[in-house]
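Peer 1: curious how this folds, go ahead:
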Amino acid sequence: MSAYKFYHKATGLFLPAVFQTDDPRMLRNNTPAGHAALEGEYDHLSQRVDVSDPAAPKVVDYQPPQPSSDHEWNASTKRWQLSQAAAGRLAAQTAARQRIVELEASAAPLLRKSVLGDAAALDALRALDAEISALQDKA
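Peer 2: Numbers count the residues shown, from 1 in each chain. Presented below is the predicted three-dimensional model:
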């Protein structure tokens, strides 16, 4: 059984799926319009076909568009990844959100006590609320 990748004739971009067959008719019948098939398995995220000579398709390295300014190209994995600064910001946001969940969960007993008139519980609730408010700016 042979493996094929379909690529767009105008852009040279591979489709993600691999098509396997030993029947040339199946290959012809399953090739999407505007595409051609190339035998082999190729990475659609880092390779494409140079379509400058349609008679001799050649696979070349490809760097897709940058997803955002927070991403940088990793040449060894041939993938976009978050920069260290962006990954750090994301980790800080995640930690802040987790802490907010913990603080909100710990408020239930204090609410009960404050409703029953416990002034210390009300002070503790105010402190929790202040910490939550500070964290929301980071989340």
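Peer 1: burial count for residue 63?
Peer 2: 13 (other C-beta atoms under 10 Å). In short, each C-beta sits where N, CA and C put it, glycine included.
Peer 1: just residue 130 next, same as before
Peer 2: 10.
Peer 1: residue 60 too?
Peer 2: Count around residue 60 with other C-beta under 10 Å applied: 11.
Peer 1: show me the contacts for the nearest residue to it once chain neighbours are set aside.
Peer 2: With sequence-adjacent residues excluded and distances taken as C-beta to C-beta, 6 or more residues apart in numbering, residue 60 is closest to residue 50, at 4.8 Å. Counting by C-beta atoms under 8 Å, 6 or more residues apart in numbering, residue 50 touches 12, 57-60.
Peer 1: angles on the backbone of residue 50, please.
Peer 2: The phi and psi values for residue 50, taken as degrees, to the nearest 10, are phi -80, psi 110.
Peer 1: before we move on, the earlier item: okay if I get the contacts of residue 50 as JSON lines plus distance to residue 46 and secondary structure?
Peer 2: What follows is those, written out as JSON lines (distance: C-beta to C-beta, whole Å; DSSP: H, G, I helix; E, B strand; the rest coil):
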{"residue": "12", "distance to residue 46": "13", "secondary structure": "coil"}
{"residue": "57", "distance to residue 46": "17", "secondary structure": "coil"}
{"residue": "58", "distance to residue 46": "15", "secondary structure": "strand"}
{"residue": "59", "distance to residue 46": "10", "secondary structure": "strand"}
{"residue": "60", "distance to residue 46": "10", "secondary structure": "strand"}
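Peer 1: thanks a lot, catch you later.
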